[in-house]
Each structure stands twice: as structure tokens, then as C-alpha cells.
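Participant: need a structure here:
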Amino acid sequence: MKIHEIDSNKIEKAIEDFEKQVHFEFIPVIAKKSSYVEHISWVLSLLFLVFFIGLIDWVFSTHLHDSWMSKTPFYIAAPFVSFLLGVILDKSDYVDRFFITKAERARQVQEKAELVFYRHDFHKHSNALMLYISVMERQIVLFHDPLIEFKDIKSLNEELLKILQLSFKKSDFEEGLLKSIEHLKTRLVPHFAKSEPSTNIVANKLIWLID
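Facilitator: Numbering: from 1, shown residues only. Reported below is the predicted structural model:
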């Protein structure tokens, strides 16, 4: 199963069950990527261009030194081919991760999670809890209003990361998300049990971020 094939109805039902027992508005967010990667295609294109120019010079000096053929058409084509290859390779998450350190990926995902949280005004709702999953970086952030005190948030974040990584490696994206929601419910009920019904302020939806 591909990640975009997750059954949103199942996730919405899991969120509904979660919010019946836990005093939190739960918001799961899946982002394609959170890091700044626009420069990577240009870096790759430049590397390819240097390689192709060196290759052209080597071929002509070694194998075609007596040829009537001109280098000019190859020099003209090299930038276009380099740019095309750079754009194609930049679409790969593996390539993007190679050019960004793990620490930098974690930092940018954390910043993007905070930006999404406050841009969507989730902080205006009491006990809003956002599970932010960034696919390219393979990072998750469990983010809530800083005014809410929960000392185990760091360990809970690590537990969810292990659950999601185990499922995502097997391409069980839907199962991983469902398991993480269930694990969250189990861990939070003892601390934030819902004592009475409340109005559902944030829609029980799985939010997809493409950009």
C-alpha cells in the first residue's frame, strides 16, 4: 500500500474513538516533506554539468582527437541534460535525505510542525494535540500547546516513532497510523481522561500537506 492510499474513513473513526476517551482534540498531519530542498536539484545539475564537460573533453582528447567532429553540440546539450537529470533525481526522497543531515532534517521538521500548529490556530483550542508525520525525512513530531504540562511527551514521541517506522518499513502506512493512535490513547487516558462529553471543535480529519 502506498501512503496516499490510506483509508481516511478508518483514521477518522480512530480519531473519534480517541477523543471519546481522551481530553484532547487530536489532529494527524502527513506531510510529503518539510525540509528546504529546492537547492538540491541545482546542486545535482551543477555536479552533472562538471562531469559531462570533463567527460566530453576526455573522450575527444583520448578517442576522437583525429575526428572531424566538433565539441560544440555536446557542450550545448550538456547543461540541458544536466538540469533534467538533476530535477529527476531530486524527486527521490533517498537523494534528498543524502544532502541533508539527520540533525538538520529533525530541526526543519520540528519548525514546520510548529508552523502548521500555529498557522491553523490549533493553539486556540484547549488540549489540541497534533501528530505530525513528515515522509521524506522519516520524522514525526508530537506537538501540543506548550502551556499543557505533560512530562512524558519526549518518551511518547520516541515510542510513536518506533511504531510508525516499523509499520512504514513494511509499507503498512494505514496500520502504523492506527496503531499509533491506539498507543496514544492508551498512554494518555490515565493523565487526560475525558470526564464528560464535549463539543468537537476540530474536524476528525487526516490532514495532507503536499507542499
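Participant: Next up, the contacts around residue 83.
Facilitator: Residues in contact with residue 83 (Cβ atoms under 8 Å, 6 or more residues apart in numbering) are 41, 45. In this view, the C-beta of every residue, glycine as well, is placed from N, C-alpha and C.
Participant: In a helix, it, correct?
Facilitator: Yes: Residue 83 forms part of a helix when assessed by DSSP: H, G, I helix; E, B strand; the rest coil.
Participant: Can you give me the pLDDT of it?
Facilitator: Listed pLDDT for residue 83 reads 92.
Participant: Tell me the first helix or strand C-terminal of whatever helix or strand residue 161 lives in.
Facilitator: Using DSSP states H and E, residue 161 maps to helix 153-169. Counting by DSSP H and E, the next helix or strand C-terminal to helix 153-169 is helix 173-192.
Participant: Can you tell me the SS state at residue 20?
Facilitator: Under three-state DSSP, residue 20 comes out as helix.
Participant: That one: neighbouring residues, count only.
Facilitator: Residue 20 has 10 neighbours, counted by other Cβ atoms under 10 Å.
Participant: wait, what's in contact with it?
Facilitator: Residues counted as contacts of residue 20 (Cβ under 8 Å, 6+ apart) are residue 194.
Participant: Residue 177 now?
Facilitator: Contact partners of residue 177, counting by Cβ under 8 Å, 6+ apart, are 6, 11, 14, 28, 133, 164, 167, 206.
Participant: Look up how far residue 5 lies from the nearest residue to residue 93 once chain neighbours are set aside.
Facilitator: The shortest distance from residue 93 to any non-neighbouring residue, by Cβ to Cβ, 6 or more residues apart in numbering, is to residue 136 (4.4 Å). Going from residue 136 to residue 5 by Cβ to Cβ, to the nearest Å gives 18 Å.
Participant: now residue 176: how far from residue 137?
Facilitator: Note on residue 176: its distance to residue 137, by Cβ to Cβ, is 16 Å.
Participant: For the most centrally placed residue in the chain, list each beta-bridge partner.
Facilitator: With distances taken as Cα atoms, centre = their mean, residue 134 lies nearest the centre of the chain, 2.0 Å away. Counting by DSSP bridges, residue 134 is bridged to residue 31, residue 139.
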